[in-house]
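J.: need a structure here:
(chains A and B)
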Amino acid sequence: MTTEQTIRSLDDPDLFVETPGTIYDAIPPLPPRTEREAEFYTMRDGEMLINLGPQHPSTHGVLRVVLKIDGERVVDLDPVLGYLHRGVEKICENGDWHHAISNCDPLEYIAAMFSEAMPVMVAEKLLDLEVPHRAEYIRVLAWELNRISSHALFVGWLALDLGGLTPILYGFIERDEIVEMLAALTGQRLLFNYLRIGGVNGDLNHDFLSRLGDWMGNALKRIEEQQKLLNSNEIFVARTRGLGVIDRDMARRTLLSGPVLRATGIPYDVRRAHPYSVYPELEFTIPTREEGDSYARYLLHLDEIKQSIHIIDQVLHRMPDGPVMAKVPRLMRIPPGRAYVSVESPRGQYSAYGMSDGSDQPFRLRIHDPSFFNLQAVGLLMPGNLVADTMAIMASLDPIMGGIDK
Amino acid sequence: MGIGRSAISVPPFPSASEPQPSQRSSATDTALKRRLQERLGPQLLGAVTARQDTTEIRIGPTDVARVMTLLHDDPEFRFLILSDLCGVDTGSVMQVVYHLWSDATPDWLRVIVDGLPRDDPRAPSVTFLWNGAEWAEREAYDMFGIIFEGNRDLRRIYMPPDYQSFPLRKDFLLADDAARSPGQGVRHMEQTFQPAEYRRTEVLRQGLGSDAGQMAPGLQTAELASGEDPAR
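T.: Residues are numbered from 1 along each chain as shown, chains lettered A, B, ... in the order given. Below you'll find the predicted structure:
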């Protein structure tokens, strides 16, 4: 491949002015830059390209996908990323470690408690810092609440992309209660900025606990109601069962993680595979399914919500007393070294690799987002399916563009 | 402030099978360290190191395919899951860093492909083992310009196709950055950070004026007093 060759940006408006024909003529960048691109843009009889996104409501953000279709069937596709790229890793390198917390927040904006944990846990590992026990329990509480709010929205989204409008309303009821609860705890509804190097920003308060108590009383009952709404819905089941099947070995080789991987039968969950925080002290199971299709992914999300409620129950009963912050200076230089941390986010393994050169700024902070890798599976799952089913497949992978584009 | 059982009423949770908490510990796995040293001895650059829950090895770019295949296929190692793949610019060389997970050890294994020259960094692709590494390698190419030989779709993934620079390289400085002025020069992982007070006194001691922005590059190249390389 040649890097020196100047290729005009597809965003360049002059390209369309100078190029005779329609906008679709400009989709294949010429000449092809790689072997794969040449293969994709070689058209056979009856095939055509259509452009999906980047401003399509069912792409869950600003994802653009070039679909190669033959009639109603998708033959191949080429996802185009980068519409939301902000260069978070570079920004983190140029601010100090505390700035990195709020910079990493909007990566996984549906469950920000996980992405903001990354710089915090890397810095703690480099400092060899022991976080107070109570702070760890509060973190687990916040993580699991955030996981439920994210999963509740997933179920609604999946149904919405299949044309069912009701479940997302129920999903948002659930999510709104949790988000308000976390707002009482952290002061923010979505981008919490709650975790700190050495603990959390504040102790549990009465407002949070009373909201949590009200919600916990009905949570399981409401999940079961939601289950009844969709599990026995003939259209929903017909459109998700057997769709987007991925087998076990391929899932592992495609670096999938989270519910997408566990729906194929691999019980890989970082909370058990490489325990962190206080998860070794808690009892919970890792639900798995064997089918590996969209329906299995949906059922797995419901099972995980139940496990999260189980964890929250234990955390509340075992919550120890004590401080919520370790004694750390406000301005600190992190000792030189390298550290790798990993947590299980609602979408899979969220991990970070941090390097410090002894200054107060990260030398390098690599954020590994599970959505980025899970989205790769669309290239394997979509070919051969109907165009209308691409939405169901994409929604069942649950991508969040904030983390994918970084 | 503990939370009493009376404060919150929770319905009993229906759990079919009570699982046992994991028995894995976060201590360093010395057996893994020994096995790696035995099996990969000639290919390793330096000794196997371990800190906290991570075991680390360094290899050269020519050994990537052989070492990764061994780690993946060998029943002793079984590193089946590639947790992460990323590029790193240490300021003087490029690296590709892999993090692997195996059910045979409680440790993460970090494989650092070290010593890629900054003007032409090339490393073999691992897409023959994990096809999902394709996008991670595209990202490393986009951000650092590392060319992965064998990746069949190595083009930019975030930046536009006509973009010429590699943004995460250490010599790519942000123009509007208030925290670090371009005059401070490039940060090197091999050289520890000199506090601002030290720089200021150095400048005064050498009688070279007070423009710290111009002076800093020369001062930053000063070697560590102990001679120890923190990146190692």
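J.: give me the most central residue, chain A.
T.: Central residue of chain A (CA atoms, centre = their mean): residue A:347, 4.2 Å from the mean position.
J.: just checking, what packs against the host helix or strand of residue A:316?
T.: For residue A:316, the element it lies in under DSSP states H and E is helix A:294-318. Contacts defined by 3 or more CB pairs under 8 Å, 6 or more residues apart in numbering or on different chains; DSSP states H and E place helix A:294-318 against helix A:133-161, helix A:206-231, helix A:234-240, helix A:259-262, helix A:389-397. Using the backbone N, CA and C atoms, a C-beta is placed for each residue, glycine as well.
J.: does chain B sit close to the following helix or strand past it?
T.: For helix A:294-318, the following helix or strand on the C-terminal side (DSSP H and E) is strand A:337-345. Yes: counting by CB under 8 Å from any CB of the partner chain, chain B has neighbours in strand A:337-345: A:337, A:338, A:339, A:340, A:342.
J.: residue A:371: which of those is nearest?
T.: Distance to residue A:371, by CB to CB, is smallest for residue A:342 among these, at 15.2 Å.
J.: report the beta-bridge partners for the closest one.
T.: On the basis of DSSP bridges, residue A:342 is bridged to residue A:351.
J.: test my guess that it contacts residue A:276.
T.: Yes: under the contact definition of CB atoms under 8 Å, residue A:342 touches residue A:276, with a separation of 7.1 Å.
J.: looking at those two, which is more packed in?
T.: Per other CB atoms under 10 Å in any protein chain shown, whichever of residue A:342 and residue A:276 has more neighbours is residue A:342, with 24 against 20.
J.: for that one, give me its contacts.
T.: A:270, A:274, A:276, A:349, A:350, A:351, A:352, A:368, B:83, B:108 (CB atoms under 8 Å, 6 or more residues apart in numbering or on different chains).
J.: just the buried members of those residues?
T.: Buried members of the contacts of residue A:342, scored by 16 or more other CB atoms under 10 Å in any protein chain shown, are A:270, A:274, A:276, A:349, A:350, A:351, A:352, A:368, B:83, B:108.
J.: so which of those residues are in strands?
T.: Mapping the buried ones among the contacts of residue A:342 onto strands (DSSP state E) picks out A:349, A:350, A:351, A:352, A:368, B:83, B:108.
J.: between which two of those is the distance greatest?
T.: Greatest spatial distance among those (CB to CB): A:350 and B:108, at 14.4 Å.
J.: quick one, phi/psi of the closest residue to chain B within the stretch 151-300 of chain A?
T.: Proximity of the stretch 151-300 of chain A to chain B (CB to the nearest CB) peaks at residue A:255, 3.2 Å away. Here is the backbone geometry of residue A:255 (degrees, to the nearest 10): phi 60, psi 30.
J.: show me the contacts for the residue nearest to it when sequence neighbours are not counted.
T.: Excluding its sequence neighbours, the residue lying closest to residue A:255 (CB to CB, 6 or more residues apart in numbering or on different chains) is residue B:132, at 3.2 Å. Contacts here follow CB under 8 Å, 6+ apart; on that basis residue B:132 touches A:253, A:254, A:255, A:256, A:373, A:376, B:82.
J.: so residue A:129 is in contact with residue A:329, correct?
T.: No: with contact defined as CB under 8 Å, residue A:129 does not reach residue A:329; the gap is 11.4 Å.
J.: so those two - more neighbours on which side?
T.: Neighbour totals were compared for residue A:129 and residue A:329, and residue A:129 leads with 16 against 7 (other CB under 10 Å).
J.: just to revisit the earlier point, which of the contacts of residue B:132 sit farthest apart?
T.: A:376 and B:82 (12.7 Å).
J.: who touches both of these two?
T.: By CB under 8 Å, 6+ apart, residue A:376 and residue B:82 have these common neighbours: A:255, B:132.
J.: return the distance of residue B:36 relative to chain A.
T.: 17 Å (CB to the nearest CB, to the nearest Å).
J.: that's a helix at that residue, yeah?
T.: Yes: according to DSSP: H, G, I helix; E, B strand; the rest coil, residue B:36 belongs to a helix.
J.: please report the distance of it from residue B:73.
T.: 15 Å (CB to CB, to the nearest Å).
J.: could you do residue B:158 as well?
T.: Distance, residue B:158 to residue B:73, by CB to CB: 33 Å.
J.: what about those two, which has more around it?
T.: More neighbours surround residue B:158 than the other of residue B:158 and residue B:73, with 20 against 12 (other CB under 10 Å).
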